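[1] Please find the sequence and the predicted model below.
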Amino acid sequence: MEIKQGQLTTSWGAPVGDNQNSMTAGSRGPTLIQDVHLLEKLAHFNRERVPERVVHAKGAGAHGYFEVTHDLSSYTKAGFLSKIGQRTPVFVRFSTVAGELGSADTVRDPRGFAVKFYTEEGNYDLVGNNTPVFFIRDAIKFPDFIHTQKRHPQTHLKNATAVWDFWSLSPESLHQVSILMSDRGIPATLRHMHGYGSHTFKWVNADGHAVWVKYHFRTEQGVRNLDVELAAKLAGNNPDYHTEDLFQAIANENFPAWKLYVQMMPLEDANTYRFDPFDVTKVWSQKDYPLIEVGRMVLDRNPANYFAEVEQATFSPGAFVPGIEASPDKMLQGRLFAYADAHRYRVGTNHHTLPINKPVVEVNNNMRDGQMRTDRNGGTSVYYEPNSYGGATESTAHKTTSFEVSGSADSVPYDHNDHYTQPGDLYRLLGLEERQRLVNNIVNAMKPVEKDEIKLRQIAHFYKADPEWGQAVAEGLGLRDVELA
Ligand code: HEM
């Protein structure tokens, strides 16, 4: 039967005769099980939700491109960075961290900044945040940390006591807490914030020479933040404020753009730098390692369908291309596992084959079958390796570089444990009014904490970073007369 354009069909493609009235025994019912169209509609509707991301559930995405502006091919053999003027399509998803899929955009939270580069050598995902550092520096602490950011198991309420209890017992969090509690904790829009890869990565050139790099996306719109009262109002009046702003900006051809820079550290410096450069709670001084421009990213196309493109997008810090490799950063190492595992659970075994996640190059991975296999499933090609039938082969030229290790296998922290110098420097960089707003934000966030013991422990961290800061928070919380550690 010929299906006319615009004709409503069943999931099997047959024309639907009546989409207003279910089939009943007489006009008063009951409803007949033979109304398969009704059964299918109800059954499919029941399955419309997939699990939301366990973190970064609320997000907005857009398509665009990345263009190389500076030739850094002597540092990385990554094909998409090899020529000035070369353009690579990208898909970017911005997100809040702790809230659920329907939560408000204008809350105090880091923002996810995930970029998928569809390169000719496979997808490269840079899954970063709008902050250069993170709260913890070992993946083993991530589930506990996120538990404190999510809802209390009994009350189902956000719980300030858990948040500050964990932070006060994890002093490595102080740097990120300082950024979060500063004006930058609530960006004005998703367009007005920088993005960071946060971790250290390795760039490798065609001769096998490597350097450590950190990525910085700097917004061309300028950094702008939201005043706390306005943010609170917007969270009630328009919880999707940031999502709407991004969509409208692109729809109105006011395309947001970021310049991409890297900091580059010679491999050998990592052994002698004044702290462990793989520790994601620290920034590398830009005096030691200045920003070097790489290219420009522009977002110029809205998704046509939110679920298909934004919700089903799967970004993984483990998606590398030749010329870009992991560093031994203990957080990054945990993330190399966590994301693809989350994708298999959240989207499915064959999530790579969905249009938004599919590389622009042919995939020859000898993986077959699994639920929802929507591509050719390898067709008639050879399905194992090695083989005698001319199947796809490994290319030793693309082996990752070796990395020398020493010491005993043990559960140990990084060697350097100064959690105070960098947050203190950040505090001292702020103007008087910025410091006041920082202290107010901290005091308001800590007021609901149940135990003074927790407040005092956290105040001591601020104090160690800068005595003025610790005293101001203590005063704000009415704990000034208590002796600080
Ligand atoms: C999302 C785990 C640290 C940035 C996620 C997801 C998981 C996860 C399971 C959901 C993935 C999905 O369902 O698609 C972890 C673990 C971490 C960690 C185990 C530490 C060991 C970080 C850090 C950053 C970060 C340090 C930034 C530098 C993001 C972003 C998303 C995300 C941007 C959302 C990606 C998207 O838009 O789909 N994380 N994360 N995470 N994470 Fe992490």
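    Done, it's in.
[2] Assign T88 to helix, strand or coil.
    When classified by DSSP: H, G, I helix; E, B strand; the rest coil, T88 comes out as strand.
[3] That one touches E121, doesn't it?
    No. Checked against Cβ atoms under 8 Å, the pair T88 and E121 is beyond contact range at 10.2 Å. C-beta here means a position set from N, CA and C on the backbone, and glycine is covered the same way.
[4] Could you tell me which residues touch both of those two?
    Both T88 and E121 are contacted by F80, under the criterion Cβ atoms under 8 Å, 6 or more residues apart in numbering.
[5] Next to the ligand, which bits of the protein? Give me the list.
    53-56, 59, 93, 95, 112, 114, 127-129, 134, 139, 142, 198, 280, 313-315, 331, 334-335, 338-339, 342-343, 346 (Cβ under 6 Å from any ligand atom).
[6] Now for Y215, how many residues are close by?
    Using other Cβ atoms under 10 Å, Y215 is surrounded by 21 other residues.
[7] How about R428?
    R428 has 12 nearby residues by other Cβ under 10 Å.
[8] and the nearest residue to it once chain neighbours are set aside, what is it in contact with?
    Residue nearest to R428 in three dimensions, not counting chain neighbours: D466, with 6.4 Å by Cβ to Cβ, 6 or more residues apart in numbering. D466 makes contact with G424, Y427, R428 under the criterion Cβ under 8 Å, 6+ apart.
[9] Next one: R437 from M181, what distance?
    9 Å (Cβ to Cβ, to the nearest Å).
[10] Among the two, which residue is more densely surrounded?
    Counted by other Cβ under 10 Å, R437 and M181 do not tie: M181 has more neighbours, with 22 against 19.
[11] what about the strands in this structure?
    Ranges of strands in the chain, per DSSP state E, are 59-68, 87-96, 111-119, 122-129, 195-196, 201-204, 210-219, 257-266, 292-301, 324-326.
[12] Can you mark which positions in the second one are buried?
    When burial is assessed from 16 or more other Cβ atoms under 10 Å, strand 87-96 yields the following buried residues: T88, V90, F91, V92, R93, F94, S95, T96.
[13] quick one: that strand to chain centroid distance?
    Per Cα atoms, centre = their mean, to the nearest Å, the displacement of strand 87-96 from the mean C-alpha position of its chain is 10 Å.
[14] Now do that strand against strand 210-219, angle only.
    On the basis of axes from the mean of the first three to the mean of the last three Cα atoms, to 10 degrees, strand 87-96 is oriented at 70 degrees to strand 210-219.
[15] Give the bridge partners for the closest residue to the ligand within the chain, please.
    Ranked by Cβ to the nearest ligand atom, the top residue of the chain for proximity to the ligand is G112, at 2.7 Å. Using DSSP bridges, the bridge partners assigned to G112 are S95, N129.
[16] okay, the residue nearest to E244 when sequence neighbours are not counted: pLDDT?
    Excluding the flanking residues, the one nearest E244 by Cβ to Cβ, 6+ apart is N238, at 6.9 Å. Note on N238: pLDDT of 98.
[17] just the one 4 residues further on next, same as before
    We note a pLDDT of 98 for H242 in this prediction.
[18] again, but for A232
    Taking A232 on its own, its pLDDT is 98.
[19] With R480 instead?
    Note on R480: pLDDT of 73.
[20] hang on, isn't it packed against A474?
    Yes. R480 lies in contact with A474 (Cβ under 8 Å); the separation is 4.9 Å.
[21] Those two - which one has more neighbours?
    Per other Cβ under 10 Å, whichever of R480 and A474 has more neighbours is A474, with 21 against 13.
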